[in-house]
Every structure is written in C-alpha cells, then in structure tokens.
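Could you work out the structure for the sequence below:
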Amino acid sequence: KVAPVDTNLFPAGFNNLNPAFLPLCVQAMQAKIEQLCETASNILLIPEDHTRNLFYMESLATLRDVILKAGYQVRIGSLRADLKASEQIALPSGRYVKIEPVIRRDNRVGVADYDACLVLLNNDLISGVPEVLRDIEQDVVPPPGLGWSSRLKSGHFRQYNNVASEFAALLKIDPWLINPQFRNCGELDFKKREGEDCLVRNVEALLASVQQKYDEYGIDKPPFVVIKADAGTYGMGIISVSSVDEVQSLNRKQRTKMASMKGGTSVSKVILQEGVYTFETWGEQEAVAEPVVYMIDHFVVGGFYRVHTERGINENLNAPGMQFEPLAFVEPCNLPDRTREPDAEPNRFYAYGVIGRLALLAAARELAEHNNGK
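A predicted model of the protein is given here:
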C-alpha cells in the first residue's frame with residue numbers, strides 16, 4: 001500500500017532537498033510565477049513567525065534562493081507583532097536571512113520601499129488570517145483561506161478519496177491500495193474527556209474496516225489508527241492506537257499532548273486515519289524511514305526520507321530526534337521502468353511522485369471548493 005497521510009500546503013524543509021535537483025525547483029518556480037502574473041518582478045515571501053527555529057530559517061533561505069535564481073526580486077516580510085525593524089539572522093550554513101515587518105499601504109502589502117507583485121505565503125495561519133492580509137489586491141499563493149484556521153484534513157481526504165477512486169477505476173485496481181481510510185469526530189475535549197464516545201465508536205469501526213482489507217489481502221499485521229488534530233502540522237497532536245482500550249486508557253500526559261497545537265491553539269476536532277505501515281529503512285541501523293515528496297505547482301521537484309532511529313513502523317516519525325536524507329534519484333523517475341522489478345528504485349520513486357500528484361489534485365479541488373464558497 002502506498003498512500004499519502006498528510007498534504008502540507010505551507011511546507012518547511014526545502015533545505016533538506018537534494019541540492020543537485022534545485023534547478024528543477026527553479027524551473028518550476030519560473031513556470032508557476034509566469035502563470036500567476038506575466039509581469040511579476042517583485043515577490044513578497046511571508047514566513048512562519050518562529051525565527052528562533054534555525055532549521056526553518058534554513059528552509060526559508062533555500063526557498064528565497066530558488067525565487068532569486070528564477071529571476072525575481074524577493075524580500076521576506078514577517079507578520080510578527082513584535083518586529084518593528086528589520087532583523088538579520090545568521091544561519092549555520094553561513095547564509096543570512098533578513099526579516100522585515102510587513103507594511104500595508106491601502107490595499108497592498110509589502111515591506112519598506114518595496115511593493116510586491118505577488119505574495120508567496122509560507123505561513124499556515126493556524127491562528128487565523130491577520131487583518132493585514134485581508135482584502136488585499138495582490139494575489140496570495142496559496143490563498144489564506146487554505147490556512148489551518150479554516151482548512152481541515154478531513155476535507156482534504158474527502159477530496160482525495162474521490163480522486164483516488166477515479167484514478168483506481170482507470171487502472172482497474174482497488175482504491176484502498178492508494179487511499180487511507182478515515183473518519184472524523186466533531187467537537188471534543190481531551191482534557192475533560194468530552195466526546196470520547198464518538199472517538200471510541202469511530203476507532204472501533206475503522207479498525208474493523210481495515211481488518212477486513214487485511215484479511216482480503218492476507219496481511220498478518222495488526223491494523224492501527226492514527227488520531228490527529230484535524231488542522232495543523234509540525235507533528236503535534238498525534239497518537240497511534242491499535243485497540244479501543246488504548247483510547248479509553250489515554251493517560252493525562254497523552255490527553256494534554258492531544259489538547260493543543262502549535263501556538264497553543266486548542267484541538268477540538270480530530271481525524272482518525274488508517275495507519276499505513278512504514279517498511280522502508282535507512283542506514284546500517286535500518287532506522288524506519290518514510291518518503292516525503294515536494295512539489296512546486298504540478299512538478300515533483302524532489303523529496304527526502306524522514307528517518308527516526310527510535311520510532312517503530314507504526315509510529316509518527318515527525319517528532320524530535322528525526323533526521324532527513326535526500327531521496328537518491330540516481331536516474332530520472334518521470335516514467336516507470338518496465339524492465340525492472342516494481343520495487344526497484346526508479347519505479348518506487350515514480351510511484352511516490354504519482355501519489356504526490358494525486359494529493360495535489362485533491363488540494364486543487366479544495367481550492368476550487370474554497371473559491372466557489374466565497
């Protein structure tokens with residue numbers, strides 16, 4: 001089974017991509033910006049607020065460099081309320097990132113002495129769309145309406161379910177092979193144990209449904225369910241369970257962990273997702289590794305393995321202690337190689353790209369639905 005378990009529209013981690021493939025990023029960036037605005041010259045890049053996270057700052061520097069190499073001017077404008085003047089941050093790589101306060105002039109945003117043709121958003125807006133970005137006349141990509149303050153993972157996977165079913169029908173395969181089953185719960189409160197009945201009921205139903213598929217395909221592993229916040233990222237608010245008893249016996253520490261997200265945002269909705277076992281390993285330690293695919297527009301521009309030496313094949317690897325290893329694209333993977341085994345590297349990486357593009361199509365349908373709802 002090869003299936004997406006998350007689709008992040010505001011990713012970090014560009015610094016973890018294989019440097020040899022950065023020209024692909026540059027070419028894809030050129031194509032997308034030309035499509036959005038033929039006359040674009042100045043880009044405003046709006047990052048996350050956590051400037052103390054140097055790993056994120058390295059990603060931001062890489063994204064900035066890709067835009068510069070694509071032939072555009074770019075400045076980085078922060079939404080931080082405490083930022084009153086420009087700030088230069090030195091990075092471990094030897095690069096620097098200059099962060100400036102965002103300034104709004106009438107219905108346009110920019111930074112000091114700089115007006116942008118296009119706003120590139122790399123902030124997931126989990127706390128809501130700030131006033132400074134509301135009703136501006138510049139295009140913002142991705143749109144603020146797809147930030148985590150209004151987007152739900154269950155909404156994405158509802159769209160992905162349709163995409164996977166249509167694609168599977170074309171190939172005459174079981175859509176389950178590329179689609180994680182899911183359910184979601186409405187309002188709940190982990191600390192007060194409110195909504196627990198809904199959680200138990202849906203975990204039980206999902207485990208039973210996955211077990212049916214395991215029986216059908218002769219899979220001798222126990223099914224498991226990943227419970228995670230229906231909005232947000234950074235690997236926060238995630239637990240794996242393989243029985244209803246585990247849900248009912250969550251301890252205080254686990255409930256506290258599930259109750260809040262990045263920035264202290266409380267979790268009141270969760271998605272229950274079929275767990276997909278991770279069977280790839282990395283290095284002499286054979287550490288568990290999961291592939292992460294990166295795209296700019298509809299182009300697959302690379303990816304990496306998220307590796308964790310202390311996590312198992314049914315656990316969330318997006319946790320402290322993880323490391324990243326670039327996907328080893330030794331040869332082009334834009335077409336399958338029928339002369340080799342299905343699991344040979346070019347074919348496996350090609351399959352990852354296909355799944356990535358299917359998830360992107362689902363995200364595009366989310367965007368269309370968002371635009372139609374305006």
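
What is the longest helix along the chain packed up against?
In the chain, taking DSSP state H as the definition, the longest helix is helix 345-372. Counting contacts by 3 or more Cβ pairs under 8 Å, 6 or more residues apart in numbering; DSSP states H and E, helix 345-372 packs against helix 153-171, strand 287-296, strand 299-308. In this view, the C-beta of every residue, glycine as well, is placed from N, C-alpha and C.

Just give the nearest non-adjacent residue to residue 347, would you?
Excluding its sequence neighbours, the residue lying closest to residue 347 (Cβ to Cβ, 6 or more residues apart in numbering) is residue 336, at 5.1 Å.

Is the one you found in a helix, a strand, or coil?
Here residue 336 is coil, with the state taken from DSSP: H, G, I helix; E, B strand; the rest coil.

Name the residues of the longest helix of the chain that are buried.
Buried residues in helix 345-372, defined by neighbour count with 16 or more other Cβ atoms under 10 Å: 345-363, 365-367, 370.

do the same with stretch 33-49
Buried-residue list, stretch 33-49, by 16+ other Cβ under 10 Å: 33, 40, 43, 44, 45, 46, 47, 48, 49.

min pLDDT across those residues, which one?
Lowest-confidence member of those: residue 40, scoring 87 (pLDDT).

which SS state does that residue fall under?
Assignment for residue 40 (three-state DSSP): coil.

which residues sit in contact with it?
In this structure, residue 40 makes contact with 33, 34, 72, 117, 118, judged by Cβ atoms under 8 Å, 6 or more residues apart in numbering.

The same query, at a cut-off of 10 Å, please.
With contacts defined as Cβ atoms under 10 Å, 6 or more residues apart in numbering, residue 40 is in contact with 33, 34, 71, 72, 73, 116, 117, 118, 139.

what packs against the host helix or strand of the first one?
According to DSSP states H and E, residue 33 maps onto helix 22-36. Using 3 or more Cβ pairs under 10 Å, 6 or more residues apart in numbering; DSSP states H and E as the contact criterion, the neighbours of helix 22-36 among helices and strands are helix 54-69, strand 118-121, strand 139-141, strand 287-296, strand 299-308.

Format these as TSV; extra columns: mean neighbour count and distance to residue 270.
Output for the helices and strands packed on helix 22-36, formatted as TSV (neighbours: other Cβ atoms under 10 Å; distance: least, Cβ to Cβ, whole Å):
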stretch	mean neighbour count	distance to residue 270
helix 54-69	20	25
strand 118-121	22	25
strand 139-141	16	29
strand 287-296	21	21
strand 299-308	22	22
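
Tell me which of those approaches residue 93 most closely.
In terms of Cβ to Cβ, the element of the helices and strands packed on helix 22-36 nearest to residue 93 is helix 54-69, at 5.9 Å.

how about the closest one as PDB, C-alpha atoms only?
C-alpha atoms of helix 54-69 as PDB (Å, rounded to 0.1, in the frame of the first residue of the first chain):
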ATOM      1  CA  LEU A  54      17.100  27.800  12.600                       C
ATOM      2  CA  PHE A  55      16.100  24.600  10.800                       C
ATOM      3  CA  TYR A  56      13.000  26.500   9.500                       C
ATOM      4  CA  MET A  57      15.200  29.600   8.700                       C
ATOM      5  CA  GLU A  58      17.500  27.400   6.500                       C
ATOM      6  CA  SER A  59      14.400  26.200   4.600                       C
ATOM      7  CA  LEU A  60      13.300  29.800   4.200                       C
ATOM      8  CA  ALA A  61      16.700  30.700   2.900                       C
ATOM      9  CA  THR A  62      16.600  27.900   0.300                       C
ATOM     10  CA  LEU A  63      13.100  29.000  -0.800                       C
ATOM     11  CA  ARG A  64      14.300  32.600  -1.100                       C
ATOM     12  CA  ASP A  65      17.300  31.400  -3.200                       C
ATOM     13  CA  VAL A  66      15.100  29.400  -5.500                       C
ATOM     14  CA  ILE A  67      13.000  32.500  -6.200                       C
ATOM     15  CA  LEU A  68      16.100  34.700  -6.800                       C
ATOM     16  CA  LYS A  69      17.600  32.100  -9.200                       C
END
